Every structure is written in C-alpha cells, then in structure tokens.
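**Q** Next one to model:
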Amino acid sequence: MALRFVAKMRVAQRIDKALSLLGVHRASFESDPVLTHVYNLFLGGTCIEDIGHLQYSEPIRRLLGTQQIPGLTTAGDFLRRFEVSHIDRLDRVGDAIWQDVWKHSYGLAAPGMLSSLSNK
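**A** Model (predicted):
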C-alpha cells in the first residue's frame, strides 16, 4: 500500500527535485535515504538503528522492491546534512502531496491548506 502511494503520487521524484544534499549523483537519489527513514517508521522502527534490520532483511527488501536499502551510516550522514531550508522544502513537498491527495479524493482544495501555504 505504501509503495503504491509513493509511486502514484510521485513522492520520490518530488523529493529528488526539492533536495540537493548528496552533491554528485551516485547510485542513489535524495529520496532513497528519506524514504528509508519513512519506511523504517512505517514498518515499526523506533530509532535510526532499526534501519540496520531493514537493510539485511530479504523479505523487507522484496516488499519494498529494492536490491538494497541505504545503510545506517548513510542514513545518519544524510540527516546530518539537513538544514532548516531542507526541512522547509520537504515540508512543502508533503503539503503538495497532501493537496493532490485531497484533490484526487474530493475534487477540490484541502480546507485550510492554501492559507497555510501562503503563510510560509
């Protein structure tokens, strides 16, 4: 269910467009560690160390449709690069996704959403 939502709402692409923390593109995108933290929480993780359990779990990797999950060190390093402006950008991505979900579900703008966006 979570993977379908991420794909349908183009969450990874929106995150990749909004953030530029990794500098040079390697084998991963900005969305990889962000979604790793999200999936960690979604799957019951309570701390960053729980990512290590996801990383080595074949069933979890299959569930997420990936060959590998960014490691614990990578996830922590990624978080240390965050500044307030990056959090604001992720917040705007979340707001845009919420707006699209509301529009898709009800055919109109989410109540209070436009006013909260204009106050930022």
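
**Q** how near is D32 to G76?
**A** 14 Å (C-beta to C-beta, to the nearest Å). (Each C-beta comes from the backbone N, C-alpha and C, glycine too.)

**Q** actually T46, sorry about that
**A** From T46 over to G76 the distance is 15 Å, taken as C-beta to C-beta.

**Q** And for R89?
**A** Per C-beta to C-beta, R89 is found 20 Å from G76.

**Q** Looking at those two now, which is surrounded by more residues?
**A** For R89 versus G76, the count of surrounding residues by other C-beta atoms under 10 Å is larger for R89: 18 against 13.

**Q** Tell me the buried residues in the helix or strand that contains that one?
**A** Under the criterion of DSSP states H and E, R89 resides in helix 84-106. Buried residues in helix 84-106, counted by 16 or more other C-beta atoms under 10 Å: 86, 89-90, 93, 95, 97.

**Q** same question, stretch 45-59
**A** For stretch 45-59, by 16+ other C-beta under 10 Å, it's 45, 51-52, 54-55.

**Q** Same check on stretch 55-72?
**A** The neighbour-count check on stretch 55-72 (16+ other C-beta under 10 Å) flags 55, 60, 64, 69-72 as buried.

**Q** what's the most distant pair in those?
**A** L64 and L72 (16.1 Å; C-beta to C-beta).

**Q** so what does the helix holding R89 touch, helix or strand wise?
**A** In this structure, helix 84-106 makes packing contacts with helix 11-18, helix 113-118, judged by 3 or more C-beta pairs under 8 Å, 6 or more residues apart in numbering; DSSP states H and E.

**Q** Out of the ones you listed, which gets the lowest mean score?
**A** Ranked by mean pLDDT, the helices and strands packed on helix 84-106 bottom out at helix 113-118, with a mean of 47.
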